[in-house]
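Novice: heads up, no residue letters with this:
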């Protein structure tokens, strides 16, 4: 239950970062960083409450059952979730919404960022064509389109598994479900690789943070010695 909440939190936070990038370009000099930090803190709390609330039905309908494997005659304990037909529809709807909404927000935010930035540059650089500027900005920020697509493809097994309600008759079947489930966890581990490393700005800020932390640690160790 907690794992599912944190996975969806990761997706929503990525979407929020994408929104902030777009808002920064749209507002320009009128963008207020302090106000943005306050909104970010409130948004994190709100998203956590939202995800806990919409998935609260899951732990309430879980129960343990004893099962004997027909192949090995070994006793196994399964954690099973049983829903009514209406709750099954609700669960499928929520999973679909949670899966595609952050993905769409990422793409729309990237489109707004590149389009708005290109228009701003075209008003300053009058001799350049808008389409050429747009292509240049797309090449610079194409990772903002590629990253969400890669992450959503890797997360597809989790969505497919959430729609499957059949029971496993053999322990051999569990490997298929487990493999798909673990593959769906990869996006949460690739956030740094697909969002930070391809971006010159984020990579520069990351290196700057590393230098600051290194300096702080060295200073404290020197004082301690």
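Specialist: That came in fine, so what should we check first? Remember, predicted model here, so these are calculated numbers, not experimental data.
Novice: Let me know the helix or strand that residue 64 is in.
Specialist: Secondary structure from DSSP states H and E places residue 64 in strand 62-68.
Novice: burial of the nearest residue to residue 198 once chain neighbours are set aside, as a residue count?
Specialist: Once flanking residues are discounted, residue 198 sits nearest to residue 143: 3.6 Å by C-beta to C-beta, 6 or more residues apart in numbering. Placement of C-beta: from N, CA and C, glycine included. Around residue 143 there are 17 other residues, counting by other C-beta atoms under 10 Å.
Novice: Surely residue 143 touches residue 193?
Specialist: No: counting by C-beta atoms under 8 Å, residue 193 is not a contact partner of residue 143; they are 10.3 Å apart.
Novice: returning to that earlier point: so what's the backbone phi/psi at the residue nearest to residue 198?
Specialist: phi -60, psi -20 (degrees, to the nearest 10).
Novice: Where do the domain boundaries of this structure fall?
Specialist: Domain assignment for the chain by automatic domain parsing gives 2-189, 192-225.
Novice: how close does residue 188 get to residue 22?
Specialist: From residue 188 over to residue 22 the distance is 23 Å, taken as C-beta to C-beta, to the nearest Å.
Novice: Could you do residue 29 as well?
Specialist: Counting by C-beta to C-beta - residue 29 and residue 22 are separated by 16 Å.
Novice: Also residue 14?
Specialist: Counting by C-beta to C-beta - residue 14 and residue 22 are separated by 13 Å.
Novice: Same question for residue 129.
Specialist: Using C-beta to C-beta, residue 129 is found at 23 Å from residue 22.
Novice: In terms of mean pLDDT, which of the domains of the chain ranks lowest?
Specialist: Ranked by mean pLDDT, the domains of the chain end with domain 192-225 at the bottom, a mean of 76.
Novice: List the buried residues of that domain.
Specialist: Across domain 192-225, burial judged by 16 or more other C-beta atoms under 10 Å covers 194-195, 199, 202.
Novice: biggest helix in this protein, by residue count?
Specialist: In the chain, taking DSSP state H as the definition, the longest helix is helix 85-124.
Novice: Are there helices or strands packed against that helix, and which ones?
Specialist: helix 2-27, helix 57-60, helix 130-141, helix 143-163 (3 or more C-beta pairs under 8 Å, 6 or more residues apart in numbering; DSSP states H and E).
Novice: elements contacting the last one?
Specialist: With contacts taken as 3+ C-beta pairs under 8 Å, 6+ apart, helix 143-163 sits against helix 2-27, helix 85-124, helix 171-184, helix 186-189.
Novice: okay if I get these as a markdown table plus distance to residue 49?
Specialist: As requested, the helices and strands packed on helix 143-163 are exported to a markdown table (distance: least, C-beta to C-beta, whole Å):
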| stretch | distance to residue 49 |
| --- | --- |
| helix 2-27 | 11 |
| helix 85-124 | 15 |
| helix 171-184 | 24 |
| helix 186-189 | 20 |
